[in-house]
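Asker: Have a look at this prediction, sequence included:
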Amino acid sequence: MDTDEELIARCHQRGDQEAFAELVLRYREPVFRLAVSILGPGFASEAEEVAQEVFLRVHHALASFRGQAQFSSWIYRIAFNQAVNLKTRVRYRAPHLSEQVLAQTPSPLGHPLDRLEAARRDQALTECIRELPEVYQSALRLHYWMGASVAEIASLIGVPENTAKSYLHRARHLLHEMLREKGFENV
Amino acid sequence: MSEQESMDHLLRQLMAGNPAPAVSSAFDQRLARRLRPSRLGPVGRMVMSLYTLLALAVSVWEMRSQSIGWSLIVVLIGVPLMFVAAVRLGQRHGRRGSAIRHTAE
């Protein structure tokens, strides 16, 4: 299997579209996952649009890629910035859930009051996640939502593994504090 | 249960209810369409531009010969041109910003 560098060289030298298609095939899923981890649940189509823009940019800028950094770091950096820019540009309104919907949310707990309490806590937790810094949100969603390992998170957000681990640790700590401030003492 | 363990548990529970999305099957096709080079090369564009200018000049000359006022000529030519420009702009924004679509389901 060709390395990224070999594929890029083929794109440069022969304008080989198959080589570019191979790069797309290799990176479309991680780029999409990174974008959706920043934008959040319910924004999959926007994340896909971000991924499309990323590959268009990469295609146009491939000639200027000198290989000082790894191709993967370069493309993930573009994806991260694109997704954060989109999030800042568009004023997202958090999906509103009524009390009734919250009360109907399935929960392993049996008693209706407990279920309502759990649903309220989940809603508060979702809001708290949205208040975290972007990298923490991304790390959390990649890990808990998309099942990414610490190594994958580190590679996607471009930090060493220990830093990714500490992002997760600090995010959990911050969420715990925020939930307590919102009155959820038993977390 | 420690703070970290309990948050770990809560986060797993919260996110388990929401299946992780994946890239749609139309992704590659859409990208290929957007990467396809424009059908007109630089020479083709120049020829089209010259033809457009010539057509405009002939139209204006013909309308003037029919004693149509300048203001009406501007409207008759300007409105369709603005319409075409608006459609093209809309298409470009539509492609870039399906992003703005609100899918708060």
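Answerer: Thanks, I have the structure now.
Asker: ok now the particular helix or strand that has residue A:83 in it, how far from the chain's centre?
Answerer: Taking DSSP states H and E as the definition, residue A:83 sits inside helix A:71-89. Centroid displacement of helix A:71-89 relative to its chain, using Cα atoms, centre = their mean, to the nearest Å, is 10 Å.
Asker: mean confidence score for the longest helix along chain B?
Answerer: Assignment by DSSP state H gives helix B:70-96 as the longest helix of chain B. Mean per-residue pLDDT for helix B:70-96: 84.
Asker: So which elements touch it?
Answerer: Where contact means 3 or more Cβ pairs under 8 Å, 6 or more residues apart in numbering or on different chains; DSSP states H and E, helix B:70-96 is packed against helix B:42-65. Just so you know, the C-beta spots here come from the backbone N, C-alpha and C atoms, and that holds for glycine as well.
Asker: mean confidence for the helix it packs on?
Answerer: 92.
Asker: Output that helix as PDB, restricted to C-alpha atoms.
Answerer: Below are the C-alpha coordinates for helix B:42-65, written out as PDB (Å, rounded to 0.1, in the frame of the first residue of the first chain):
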ATOM      1  CA  PRO B  42      -9.700  30.200 -20.400                       C
ATOM      2  CA  VAL B  43     -10.100  30.600 -24.100                       C
ATOM      3  CA  GLY B  44     -13.700  29.300 -24.000                       C
ATOM      4  CA  ARG B  45     -14.500  31.800 -21.200                       C
ATOM      5  CA  MET B  46     -13.100  34.700 -23.200                       C
ATOM      6  CA  VAL B  47     -15.100  33.700 -26.300                       C
ATOM      7  CA  MET B  48     -18.300  33.500 -24.200                       C
ATOM      8  CA  SER B  49     -17.500  36.900 -22.600                       C
ATOM      9  CA  LEU B  50     -17.000  38.500 -26.000                       C
ATOM     10  CA  TYR B  51     -20.200  36.900 -27.300                       C
ATOM     11  CA  THR B  52     -22.100  38.200 -24.300                       C
ATOM     12  CA  LEU B  53     -20.800  41.800 -24.800                       C
ATOM     13  CA  LEU B  54     -21.600  41.700 -28.500                       C
ATOM     14  CA  ALA B  55     -25.100  40.400 -27.800                       C
ATOM     15  CA  LEU B  56     -25.600  43.200 -25.300                       C
ATOM     16  CA  ALA B  57     -24.400  45.800 -27.700                       C
ATOM     17  CA  VAL B  58     -26.600  44.600 -30.500                       C
ATOM     18  CA  SER B  59     -29.600  44.400 -28.100                       C
ATOM     19  CA  VAL B  60     -29.100  48.000 -26.900                       C
ATOM     20  CA  TRP B  61     -28.600  49.200 -30.500                       C
ATOM     21  CA  GLU B  62     -31.800  47.400 -31.700                       C
ATOM     22  CA  MET B  63     -33.900  48.700 -28.700                       C
ATOM     23  CA  ARG B  64     -32.600  52.300 -29.300                       C
ATOM     24  CA  SER B  65     -33.600  52.000 -32.900                       C
END
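Asker: Understood, closing this out.
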